[in-house]
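Undergrad: Here is a sequence with its predicted model. Questions after.
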Amino acid sequence: MADKEVTIIWGRSVTVGCSWGASQVIRGDSVGNTSSQVIDLFFTKKQTFSDHANLKVHGDDTILILNDDGKSQSTNIGAFGSQEAFQFLLSCLRATESGNRVARLIIPLQEGTIVRSDIIPLRLKDAFAVDQVTSFAAPLQFFSGHPMHVRSASLPELFRASAGGILLQPSELTINNQPGVPQAFEADFENKMLTPWIIPPRPGPGLAARRKRLVVVGCSAREPSAGGWMAYVFGAAQALGIDLVIIERPGGWFERPEFAHLYETLLPAGPWWSNPPGDDMAGHIVDLVRAYGRRVDGIVAFLEPFLATVSRAAQQLGLPCQPATSYETATDKYALGIFEGRKAFSGSTAEEALRFASDENLAFPLILKPRLGLNSEGVVRVNDAAGIGPAVDMIQKTFYKSFTMERYCAGPEVDVNVVLLDGEVLFCEIADDFPKPGDCGERGASTAAAQVGNFLETYIVYPSALPAAELEMLRDSISRTIKRLGFSSGIMHVEARVDRSSVEYRSSGGMLELAPHGREVAAEPPTPWVLEINPRPPGLTASRIIESVYGIDYFGVALALAVDDKDRVRALSRPFLNGAQYTGVMALIRADFDETCEGIFDSDDICEELLARRPDLAQHINRYSCLAKRGQKIPHPSSGANTFIAYFNVFSKSRREALEVAVEVKREVRYSFH
């Protein structure tokens, strides 16, 4: 039952009734989750306008609110506290033109600073029955934690006190012709918003949190609009109230005017800049930062070749860092194999590789890969000695010429992502990295891709369907490995296989899926075969699907780690209360074309085209991006280079359905090359 009702007049002919009743409180708990006061607003379209024809509304940025006592109040953006709050109300009014609607306002009942300004849409974007979710908060905004007296408060006062609003999808009408709030939404709301989204003030003078400044060394080669990961860095920094200073070689996309507002300044690198970096690069970075002359709270890199160098620079600047030697071992695939106790070999010529295979009497198949590489570029499985020469030739095409060679582990591959803070594992999730052409397990691969035998990803499925015992083994063992390397804090993206796993990939109904292999149980238990450790957030847009499945933005956590904001690291590493909200499949679309082509991409946005043509698939896709533009030259798959041209994030409550949709998405994608 509504306790208060007002009439809202907007534009020339829009009259909407807005009512609300007693609020409810969503209680936090002993682990620091923020309690919330939620107020549900019921919007009803009025049938006539004539009663208020004498009232004038000037402009689209002004509304009239008529209280139940007949008094009118003209209000605009300022009365609602922010442009975002006012625009959200207008969205509710527009939506009501097609039927009654309900919206929810969220008021934190905890004194402190919002953990990041967009935390409400980040957590609730995919919640049940949500049509729109908007943050009203500014970065580092302070909230008093006081509840609102809803019966005496005006509508603008309710909005000013709120951190954000949710517009629900149209629902069945209930008693008194009022839209109801679905119980499924209530359960989903608690699952996703019972998290520490307000950070209590630290003891000391003043309550306001201070903006921090972070130096980022090296940018993505792709600009943000083309799928580059700097888009995630910029977005997280803005929401966290962190000012970015970029160190890069001049001449990149970041110098264009449309990106200038995303960072504070560019400190252009000199001729000493190289990838991989030289021994003197850390010193030059230190000189640049000191010459800038402003307080810096942290320095970070997200490109593997720069991690150890930036660590050394941070140490000299007295900024938070992990040991440079830990980065060097983790990112060197040969050194990591030796660290893990495996028999691995390193060289730079085919003659060396052939000698290793002969002298050590190595059993095929073998894996050859660059000691330092990205996106599985240059990784090749060789089944006999004749394949070694072409494999080394492919590695020589990458920017890091030395290779490592070792036994090929045939167990199912996984991605293990770990958030570590002061030696404590705050969060760990595991995904299934489906077989690749090099595993000879992908069905439907082109002749060219199959001949190459590369290890570019096909599907990555969250969460993993490995047996529970193997998942626990991976979490424990890989966490220990990370700590043995010397890391105490960080985000670790680990690629591994399960040696002697009890399951394998089998085709079922034309689709691969994990199933018991049915062979005799191995004498030794399953163990992790760590392929590589990347001490940074996962790439290939995988961070976005983690955000959807678990409610965690790895780049936000990474920036908080870099400025040593431990309260925010802990808060932002908290997944949904019930864990993964559904199965998410990242379907990666690789270029595949005949070698007689020039390799020029000859299509428009292949993602938008598919979604328009197949709306039945679109309803299961929540994120996507076409990574190639018409006229762009793409390497042939035989080069071993990264040839991804698009990705789709598919979701479903059913793992089987999610996989079926992902397979159909790949089958239905249309593109051409010339």
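TA: Right, received. Where do you want to start?
Undergrad: Output the below-cut-off pLDDT ranges for the stretch 451-600 of the chain.
TA: The model of the stretch 451-600 of the chain has pLDDT under 70 over residues 451-453, 540.
Undergrad: now with 50?
TA: 451-452 (pLDDT under 50).
Undergrad: Quick one: the strands in it, in order.
TA: Shown for the stretch 451-600 of the chain, the strands assigned by DSSP state E, counting those that start in this stretch span residues 459-462, 490-499, 503-508, 511-516, 527-534, 583-590.
Undergrad: ditto for the stretch 1-150 of the chain
TA: Under DSSP E, counting those that start in this stretch, the stretch 1-150 of the chain gives strands at 4-10, 14-20, 24-26, 36-45, 62-66, 72-76, 101-108, 112-114, 130-135, 142-143.
Undergrad: I'd like these laid out as TSV, including mean neighbour count and distance to residue 642.
TA: No exception for glycine: its C-beta is placed from N, CA and C like everyone else's. Below are the strands of the stretch 1-150 of the chain laid out as TSV (neighbours: other CB atoms under 10 Å; distance: least, CB to CB, whole Å):
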stretch	mean neighbour count	distance to residue 642
strand 4-10	19	50
strand 14-20	20	51
strand 24-26	14	44
strand 36-45	21	43
strand 62-66	20	51
strand 72-76	14	50
strand 101-108	25	41
strand 112-114	24	37
strand 130-135	19	34
strand 142-143	18	44
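Undergrad: how about these, which one is nearest residue 279?
TA: strand 112-114 (41.6 Å; CB to CB).
Undergrad: Quickly run through the sheet partners of that closest one, with directions.
TA: Neighbouring strands of strand 112-114 in its sheet, by DSSP bridges, are strand 142-143 (antiparallel), strand 198-199 (antiparallel).
Undergrad: what sits up against the last one?
TA: I take that to be strand 198-199. Where contact means CB atoms under 8 Å, 6 or more residues apart in numbering, the residues beyond strand 198-199 that reach it are 34, 108, 110-115, 143, 145, 209, 567-568, 571.
Undergrad: Kindly report the same for stretch 223-237.
TA: By CB under 8 Å, 6+ apart, the list of residues contacting stretch 223-237 reads 116, 118, 214, 216, 219-222, 242-244, 253-254, 259, 262-263, 302, 537, 539, 541, 543-544, 553, 555-556, 558-559, 625, 627, 629, 647.
Undergrad: May I have stretch 242-261 as PDB, with CA atoms only?
TA: What follows is stretch 242-261, C-alpha atoms only, in PDB (Å, rounded to 0.1, in the frame of the first residue of the first chain):
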ATOM      1  CA  ILE A 242      42.300   7.300  -9.600                       C
ATOM      2  CA  ASP A 243      44.100   9.800 -11.900                       C
ATOM      3  CA  LEU A 244      46.300   8.000 -14.500                       C
ATOM      4  CA  VAL A 245      49.700   9.100 -15.800                       C
ATOM      5  CA  ILE A 246      50.800   7.100 -18.900                       C
ATOM      6  CA  ILE A 247      54.400   6.300 -19.900                       C
ATOM      7  CA  GLU A 248      54.600   5.200 -23.500                       C
ATOM      8  CA  ARG A 249      56.400   5.700 -26.800                       C
ATOM      9  CA  PRO A 250      54.900   8.800 -28.600                       C
ATOM     10  CA  GLY A 251      52.700   8.400 -31.600                       C
ATOM     11  CA  GLY A 252      50.100   6.000 -30.400                       C
ATOM     12  CA  TRP A 253      46.300   6.100 -30.400                       C
ATOM     13  CA  PHE A 254      46.300   7.600 -26.800                       C
ATOM     14  CA  GLU A 255      47.600  10.900 -28.200                       C
ATOM     15  CA  ARG A 256      44.400  11.500 -30.200                       C
ATOM     16  CA  PRO A 257      42.100  14.200 -28.800                       C
ATOM     17  CA  GLU A 258      39.200  11.900 -28.100                       C
ATOM     18  CA  PHE A 259      41.200  10.000 -25.500                       C
ATOM     19  CA  ALA A 260      42.800  13.000 -23.800                       C
ATOM     20  CA  HIS A 261      40.200  13.200 -21.000                       C
END
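Undergrad: related to what we said a few turns ago, nearest to residue 610, of the strands of the stretch 451-600 of the chain?
TA: That would be strand 583-590 among the strands of the stretch 451-600 of the chain, by CB to CB, at 9.7 Å.
Undergrad: got the contact list for that closest one?
TA: 449, 456-463, 540-542, 545, 548-549, 606, 637, 643-655, 658-659, 661-662, 665-666, 669, 671.
Undergrad: next SSE after it?
TA: helix 606-613 (DSSP states H and E).
Undergrad: Does anything pack onto that next one? Which helices or strands?
TA: On a contact count with 3 or more CB pairs under 8 Å, 6 or more residues apart in numbering; DSSP states H and E, helix 606-613 meets helix 615-618, strand 621-626, strand 644-652, helix 655-668.
Undergrad: repeat that with 10 Å
TA: Contact partners of helix 606-613 among helices and strands, from 3 or more CB pairs under 10 Å, 6 or more residues apart in numbering; DSSP states H and E: strand 583-590, helix 615-618, strand 621-626, strand 644-652, helix 655-668.
Undergrad: Let me know whether residue 289 touches residue 297 as I believe.
TA: No: checked against CB atoms under 10 Å, the pair residue 289 and residue 297 is beyond contact range at 11.4 Å.
Undergrad: From start to finish, how long is stretch 543-563 in a straight line?
TA: End-to-end span of stretch 543-563 (CA to CA, to the nearest Å): 20 Å.
Undergrad: can you check stretch 237-251 too?
TA: Calculated as CA to CA, the first-to-last residue distance of stretch 237-251 is 23 Å.
Undergrad: Now do the buried residues in that stretch.
TA: Of the residues in stretch 237-251, 237-248 count as buried by neighbour count, 16 or more other CB atoms under 10 Å.
Undergrad: Quick check: which ranges of this protein have low pLDDT?
TA: Checking the chain against pLDDT under 50 turns up 50, 175, 441-452.
Undergrad: Can you give me the domain boundaries for it?
TA: 4-199, 212-321, 331-407, 413-668 (automatic domain parsing).
Undergrad: quick one on the thing from earlier: figure out which of the helices and strands packed on helix 606-613 is closest to residue 412.
TA: helix 655-668 (14.7 Å).
Undergrad: packing partners for that closest one?
TA: So helix 655-668, by 3+ CB pairs under 10 Å, 6+ apart, packs with strand 459-462, strand 511-516, strand 583-590, helix 606-613, helix 615-618, strand 621-626, strand 644-652.
Undergrad: List the buried residues of the fourth one.
TA: Spelled out, that is helix 606-613. Result for helix 606-613 [16+ other CB under 10 Å]: buried residues 606-607, 609-611.
Undergrad: ok, which stretches of the stretch 201-350 of the chain are helices?
TA: Using DSSP state H, counting those that start in this stretch, the helices found in the stretch 201-350 of the chain span residues 230-240, 281-292, 304-317, 324-331, 333-339, 350-359.
Undergrad: With distance to residue 525 added, can I get those helices in TSV?
TA: TSV is the format used below for those (distance: least, CB to CB, whole Å):
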stretch	distance to residue 525
helix 230-240	38
helix 281-292	43
helix 304-317	31
helix 324-331	25
helix 333-339	21
helix 350-359	29
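Undergrad: Compute the number of surrounding residues for residue 321.
TA: 23 (other CB atoms under 10 Å).
Undergrad: So which bits of the longest helix anywhere in the chain are buried?
TA: For the chain, the helix with the greatest residue count under DSSP state H is helix 468-484. Residues of helix 468-484 classed as buried: 470-471, 473-475, 477-479, 481-482 (neighbour count, 16+ other CB under 10 Å).
Undergrad: Show me what residue 164 is bridged to.
TA: With DSSP bridges as the rule, residue 164 is bridged to residue 106, residue 135.
Undergrad: That's all I had, so thanks and see you.
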